[in-house]
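1. here is my input, please return the structure:
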Amino acid sequence: MIQILPAFQEPAEWARFERELRAWLGTPYRHLCMVKGRGADCTLFVGGVLLACGILRRVEYDYYAKDWYESADRDMLVENLYSHFQRHRAEGYTIEKLPPTAELLRGDVLGFSTRRPAITNHVGVLVAPRLMIHCVERRGVSEFEYGDCWRRRLAHVFRIMTERND
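-> The predicted structure is shown next:
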């Protein structure tokens, strides 16, 4: 029987994913870049990790202005992240879009609205109940406490799922 379960609850899968996340630590922030150690922005950092782990087959993106969310009339980051994952996911993986009230698990991709309510403009990955890794200007890919400041801004949760045979 095939079960669909959170991918990173499996210890080996989590260890591989966490190793790749941590390999990006110290990568400077660079808008529209996805090169470990050289530069990334928040979404392309996450895309680069998923690609390196074989969860995505490819990462494609069009130009987007650094402040695209200031004039956005819809939640493009969420729409693009979800549809991109569906188009380019490796066999055996899927993604669930969950509300911000969901119980969080390690490996969840967190979407935040830091400027305007209803527009998600930042993502990071939860690595422990109070710790996340994300890419921000002036600090690059870094570990941050996932505390009240971030909890208040949490708008979406994306959970990577995998098929397992019992």
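2. which residues are contacting the longest strand seen in the chain?
-> Longest strand of the chain, by residue count under DSSP state E: strand 154-165. The set of residues external to strand 154-165 that reach it, using CB atoms under 8 Å, 6 or more residues apart in numbering, is 1-8, 10, 13, 50, 55, 75, 78, 81-82, 85, 92-100, 102, 104-105, 107-113, 118, 120. Every C-beta, even on glycine, is put in place using the N, C-alpha and C of the backbone.
3. restricted to helices, list these.
-> Per DSSP state H, helices hold the following members of the contacts of strand 154-165: Glu13, Leu50, Val78, Leu81, Tyr82, Phe85.
4. now what about stretch 45-52, what contacts it?
-> 17, 20-21, 24, 27, 34-36, 40, 56-59, 61, 84-85, 109, 123-125, 134-135, 141, 160.
5. partner strands of the longest strand of the chain, with direction?
-> strand 2-6 (antiparallel), strand 93-98 (antiparallel), strand 109-112 (antiparallel) (DSSP bridges).
6. give me the most central residue, this structure.
-> The centre of the chain sits closest to Val109, judged by CA atoms, centre = their mean, with a distance of 3.8 Å.
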